[in-house]
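Novice: whatever this is, show me its structure:
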Amino acid sequence: MPQDDDKRLAAIAAADEVKDGMLVGLGTGSTAAFLIDELGRRHAAGLKFRAVATSLKSEAQAKALGISVLPFSEVSSVDLAIDGADEIDPHMRALKGAGGAMLREKCVAASARRMVVIADGSKAVAQLGAMPVPCETLPFAQAFVAAALERLGARVVLRLRDGQPHRTDQDNIVFDCHFGMLADPAALAAQLSSIPGMIGHGLFIDEVDALYLADAGQIIVRERLISG
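Specialist: This next block holds a predicted model:
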């Protein structure tokens, strides 16, 4: 599939950022899976690095390839994090969480000295919001958080799997919040973060430092512009 070819191409290009001795944050999702496969090949060829993983699935994949994976609970910072995105705009703001790992992904991204997004061309958008904003929520606070999200203007949908509430790796639930196109993603992110019981959302406002975008077989590399 051409989209998978672009995902793989972006992953392979970004893998060049991993150097000997690094501690690397491994993302989650289909594009990140291509990255982990590529890093597994490079590890087998002699590249020496260790990793933390943003999901149990990515951890299992990395370990199966012989990559040393540390528990993130014992790590205060990583050298480099590489992850996919569901949407990314020209200001390097991203929307993530279709796979439900956005809370772990954000923790790892925030700890990283450099955060790189890898994506195919379909993920580059002029404005965030075509997809819902996922919000990881404590089950204890389900009704309260849903009402708070609705007051912010969202159409709130509880994510289900096999007819039951989807559970994250932390055993929390996910609300998919349909706000429509986001005029001010940073302001919305701040409002979401202020809701007690809503412990992680999919808006990545200032975490991303660089983008490797593959579109129709061509790689575009973008760096965040530092104002001032």
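Novice: surely V116 and L213 touch.
Specialist: No - contact between V116 and L213 fails when scored by C-beta atoms under 8 Å: they sit 11.1 Å apart. (Each C-beta comes from the backbone N, C-alpha and C, glycine too.)
Novice: between the two, which is the more surrounded one?
Specialist: Neighbour count, other C-beta atoms under 10 Å: between V116 and L213, V116 has more, with 26 against 23.
Novice: so where's this structure uncertain?
Specialist: Within the chain, the ranges that satisfy pLDDT under 70 run 1, 227-228.
Novice: which residues sit in contact with the residue lying closest to D5 once chain neighbours are set aside?
Specialist: Leaving aside its chain neighbours, D5 sits nearest to G217 (7.0 Å; criterion: C-beta to C-beta, 6 or more residues apart in numbering). Contacts for G217 (C-beta atoms under 8 Å, 6 or more residues apart in numbering) come out as 5-6, 9.
Novice: list only buried entries from those residues.
Specialist: 6, 9 (16 or more other C-beta atoms under 10 Å).
Novice: among the contacts of G217, which one sits closest to L182?
Specialist: D6 (25.0 Å; C-beta to C-beta).
Novice: tell me the SS of that closest one?
Specialist: With DSSP: H, G, I helix; E, B strand; the rest coil as the basis, the three-state label of D6 is helix.
Novice: who touches it in this structure?
Specialist: 120-121, 214-217 are the contacts of D6 under C-beta under 8 Å, 6+ apart.
Novice: and with 7 Å instead?
Specialist: 120-121, 214-215, 217 (C-beta atoms under 7 Å, 6 or more residues apart in numbering).
Novice: can I get those in a markdown table including distance to A15?
Specialist: Listed next are these as a markdown table, based on distance: C-beta to C-beta, whole Å:
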| residue | distance to A15 |
| --- | --- |
| D120 | 16 |
| G121 | 19 |
| A214 | 13 |
| D215 | 18 |
| G217 | 17 |
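Novice: neighbour-wise, which of these leads?
Specialist: Top of the contacts of D6 by neighbour count (other C-beta under 10 Å): A214, with 25 neighbours.
Novice: next, that residue: secondary structure please.
Specialist: strand.
Novice: isn't it up against S122?
Specialist: No - in this structure, A214 is not within contact of S122 by C-beta atoms under 7 Å, at 10.4 Å.
Novice: looking at the contacts of G217, which is nearest A147?
Specialist: Nearest member of the contacts of G217 to A147, counting by C-beta to C-beta, is D6, at 40.5 Å.
Novice: surely L80 and V24 touch.
Specialist: Yes - in this structure, L80 is within contact of V24 by C-beta under 7 Å, at 5.2 Å.
Novice: more crowded one of these two?
Specialist: Taking neighbours as other C-beta under 10 Å, L80 and V24 compare with V24 leading, 27 against 20.
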